[in-house]
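Chemist: quick check, what structure comes out for this input:
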Amino acid sequence: MRVRTLVPLVALSLALSAGPAPAKESISKVFGGITAEEGREYGSLDSVNGGITIRENAVVREAETVNGGISVGERARVGSASTVNGGISLDREAQAGNLSTVNGAIRLADGVQVEDEVETVNGGVKLMPGARIGGELSTVNGAISLRRAVVGGGIHSVNGDLTLEDGSVVRGGIRYEKPKGWNWSGSRDPRVVIGRDSEVVGEMVFEREVELFVHETARIGKVTGATAQRYSGDQPPR
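Modeler: Numbers count the residues shown, from 1 in each chain. The predicted structure is shown next:
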């Protein structure tokens with residue numbers, strides 16, 4: 001699902017798409033890691049067996065690796081970051097266009113902004129205070145946790161737990177698909193918690209069994225396929 005572009009990322013989008021412009025350095029490796037040095041601008045960073053490190057205030061058009069993680073430093077900017085076997089982490093106030101990984105977790109630190117989608121298949125996603133995703137956040141087998149964070153394009157999951165805390169906001173609703181084939185991550189039903197002062201704008205649709213807990217101060221819309229259990233206090237019952 002696509003949504004409006006986040007205002008703070010307009011400059012990033014223009015910088016990465018405008019042309020013509022002088023060619024930026026691109027680096028490609030089969031074995032070994034790649035580092036984008038602090039404050040410098042790069043085109044594409046491409047590695048097969050090695051991680052990618054983007055240091056503070058660096059600007060990278062595209063970062064892609066097969067076997068290795070991607071680390072984005074404070075206030076750095078990356079147009080897109082993707083990996084097959086490895087996690088992705090963005091430090092404080094970093095910016096990105098979109099993020100994706102197959103086998104690995106994604107972590108967005110305080111104030112991180114992602115313009116478009118965040119996607120993982122086997123791995124959790126964690127958003128710290130002030131983090132924002134403009135598009136959809138999706139995972140198949142992995143827990144999702146938001147703490148005073150915002151997702152603008154809805155949340156899509158199959159098997160993972162979901163927790164919204166401290167006034168987090170999800171626009172575009174929440175959907176859990178019915179598992180297909182061998183997608184089961186275990187026999188336990190996912191636990192969905194809409195915590196204190198949090199809000200879901202849009203419908204919550206559950207095509208499978210879940211445990212749904214909604215704090216008495218939380219705000220939600222229509223729920224299909226599950227029964228919301230209201231609770232008070234810091235944590236829902238176990």
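
Chemist: this protein: helices as residue ranges?
Modeler: Listed in chain order, the helices found in the chain under DSSP state H are 10-17.

Chemist: centroid-nearest residue for it?
Modeler: Val118 (3.9 Å; Cα atoms, centre = their mean).

Chemist: if I pick that residue, what's in contact with it?
Modeler: Counting by Cβ atoms under 8 Å, 6 or more residues apart in numbering, Val118 makes contact with Asn98, Leu99, Ser100, Ile106, Leu108, Val125, Ile133, Gly135, Glu136, Leu137, Ser138. The way it works is simple: take the backbone N, C-alpha and C, and place the C-beta from them, glycine included.

Chemist: partners of the third one in the sheet?
Modeler: Per DSSP bridges, the residues bridged to Ser100 are Ser82, Glu119.

Chemist: what number of residues lie near it?
Modeler: Ser100 has 19 neighbours, counted by other Cβ atoms under 10 Å.

Chemist: out of the contacts of Val118, which one sits closest to Arg147?
Modeler: Arg147 lies nearest to Leu108 out of the contacts of Val118, by Cβ to Cβ, at 10.4 Å.

Chemist: give me the pLDDT value at the closest one.
Modeler: In this model, Leu108 is scored at 98, pLDDT.

Chemist: list the contacts of it.
Modeler: By Cβ under 8 Å, 6+ apart, the neighbours of Leu108 are Ser89, Leu90, Val114, Val118, Val125, Lys126, Leu127, Met128, Ala131, Ile133, Ala149.

Chemist: let's see which of those residues end up in strands.
Modeler: Ser89, Leu90, Val114, Val118, Val125, Lys126, Leu127, Ile133 (DSSP state E).

Chemist: wait, the last one sits on Leu127?
Modeler: Yes. The pair Ile133 / Leu127 is scored as a contact, 7.3 Å apart, by Cβ atoms under 8 Å.

Chemist: anything in contact with each of the two?
Modeler: Taking Cβ under 8 Å, 6+ apart as the contact rule, the neighbours common to Ile133 and Leu127 are Leu108, Ala149, Val151.

Chemist: in a markdown table: the residues you listed, plus distance to Thr35.
Modeler: Below are the shared contacts of Ile133 and Leu127 laid out as a markdown table (distance: Cβ to Cβ, whole Å):
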| residue | distance to Thr35 |
| --- | --- |
| Leu108 | 21 |
| Ala149 | 28 |
| Val151 | 30 |
